[in-house]
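**Q** Make a model of this:
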Amino acid sequence: MERTLSVSWSDPNVLSQAARAMSGIEFLQAIRDARLPPAPIAEGRLEDSSGRLYAHGTTTASS
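**A** Below is the predicted model:
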């Protein structure tokens with residue numbers, strides 16, 4: 001049995017530069033609204049509730 005795993009992500013410099021230019025909540029909302037790419041570790045769904053953002057994610061393995 002052979003297993004493979006492909007991983008891709010966006011350049012973290014995009015996030016780094018954006019984080020310096022906006023507040024924390026604005027930054028997370030931009031990720032939620034797909035105006036910024038998610039950080040590789042944060043891939044999943046962001047949910048906004050009463051000024052708070054909640055991250056939901058899952059892990060997967062394929063064979």
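**Q** Only C-alpha atoms from now on, for both contacts and neighbour counts.
**A** Will do.
**Q** since we're on Arg32, how many residues are nearby?
**A** Per other CA atoms under 10 Å, the neighbour tally for Arg32 reads 20.
**Q** ah, wrong one, I meant Ser8
**A** Counted with other CA under 10 Å, residues neighbouring Ser8 total 6.
**Q** likewise Pro12?
**A** A count of nearby residues for Pro12, using other CA under 10 Å, gives 13.
**Q** mind checking how far it is from Asp33?
**A** 17 Å (CA to CA, to the nearest Å).
**Q** again with Gly24
**A** Here the criterion is CA to CA. By it, Gly24 lies 14 Å from Asp33.
**Q** how about stretch 22-31: buried residues?
**A** Phe27, Leu28, Gln29, Ala30, Ile31 (16 or more other CA atoms under 10 Å).
**Q** mind listing which of these are in helices?
**A** Counting by DSSP state H, the buried residues of stretch 22-31 place Phe27, Leu28, Gln29, Ala30, Ile31 in helices.
**Q** Next, format those residues as CSV and append distance to Gln17 and pLDDT.
**A** Shown next, in CSV, are those (distance: CA to CA, whole Å; pLDDT from 0 to 100):
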residue, distance to Gln17, pLDDT
Phe27, 11, 88
Leu28, 14, 81
Gln29, 15, 85
Ala30, 13, 89
Ile31, 13, 82
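**Q** And these, which is closest to Ser8?
**A** For these, the residue nearest Ser8 by CA to CA is Ile31; the value is 16.7 Å.
**Q** Could you double-check that that closest one lies in contact with Gly24?
**A** No: assessed by CA atoms under 8 Å, Ile31 is found out of contact with Gly24, at 10.9 Å.
**Q** What segments of the chain are helices?
**A** Using DSSP H, the helices of the chain run over 12-21, 24-32.
**Q** What confidence value was assigned to Arg32?
**A** In this model, Arg32 is scored at 80, pLDDT.
**Q** and the gap between it and Ile25?
**A** Arg32 sits 10 Å away from Ile25, going by CA to CA.
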